[in-house]
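In: Need a 3D model of the following:
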Amino acid sequence: MIINGATIDKSNLYSKEDLLMLLRENGESDRALSPIREQYLDTFGNELIWRYPISDGMNAGVEIIVVKEGFLSLPYNIIDKEEYEIFELDRACLFDEDALEIFISDWKSFSDDLLGALTDMLCIIQGK
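Out: Numbering: from 1, shown residues only. Reported below is the predicted structural model:
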């Protein structure tokens, strides 16, 4: 499988359960993902972890990480200045097709709205 130009051999990925266990043992936070980020970067040339920092209606945001079984959603509602996102591991789940389609649609709407507003702001500042 190829994601963002990285060729991924699934046998080199963490399983969902192994990843959740590591997070439980090391702080359940974004900071606890650091060793995984480094390992994935060394192995695949990509961290294979993405922040989705907009609310899905239930969470302030999620981080998405590639695991053997697919794409894991790590929801969070708290951001700490030292630990960063604090995950709610009991609600971690694998994405399905419907969820990814909703996330794509929501991101596009968010991005289009923000880009439009920023463009208008620039025009106002420039006196246009």
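In: show me where this structure has helices.
Out: Per DSSP state H, the chain carries helices over the ranges 16-26, 34-44, 97-125.
In: Point out the one among those that comes closest to Tyr76.
Out: helix 16-26 (11.5 Å; CB to CB). In short, each C-beta sits where N, CA and C put it, glycine included.
In: Glu63 versus the residue of the chain most remote from its centre, what's the distance?
Out: Going by CA atoms, centre = their mean, the residue of the chain most distant from its centre is Gly127, 38.0 Å out. For Gly127, the distance to Glu63 equals 41 Å [CB to CB, to the nearest Å].
In: same deal with Gln126?
Out: As defined by CB to CB, Gln126 lies at a distance of 37 Å from Glu63.
In: ditto for Gly116
Out: Counting by CB to CB, the separation of Gly116 from Glu63 is 27 Å.
In: and those two? which has more neighbours close in?
Out: Glu63 (20 against 10; other CB atoms under 10 Å).
In: Can I get the helices of the chain in TSV including distance to Thr7 and mean pLDDT?
Out: TSV is the format used below for the helices of the chain (distance: least, CB to CB, whole Å; pLDDT from 0 to 100):
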stretch	distance to Thr7	mean pLDDT
helix 16-26	20	97
helix 34-44	7	96
helix 97-125	21	96
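In: so can I have CSV of those helices showing distance to Asn77?
Out: Formatted as CSV, the helices of the chain follow (distance: least, CB to CB, whole Å):
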stretch, distance to Asn77
helix 16-26, 16
helix 34-44, 21
helix 97-125, 17
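In: just so I know, which of these lies nearest Ile86?
Out: Going by CB to CB, the one of the helices of the chain nearest Ile86 is helix 16-26, 10.5 Å.
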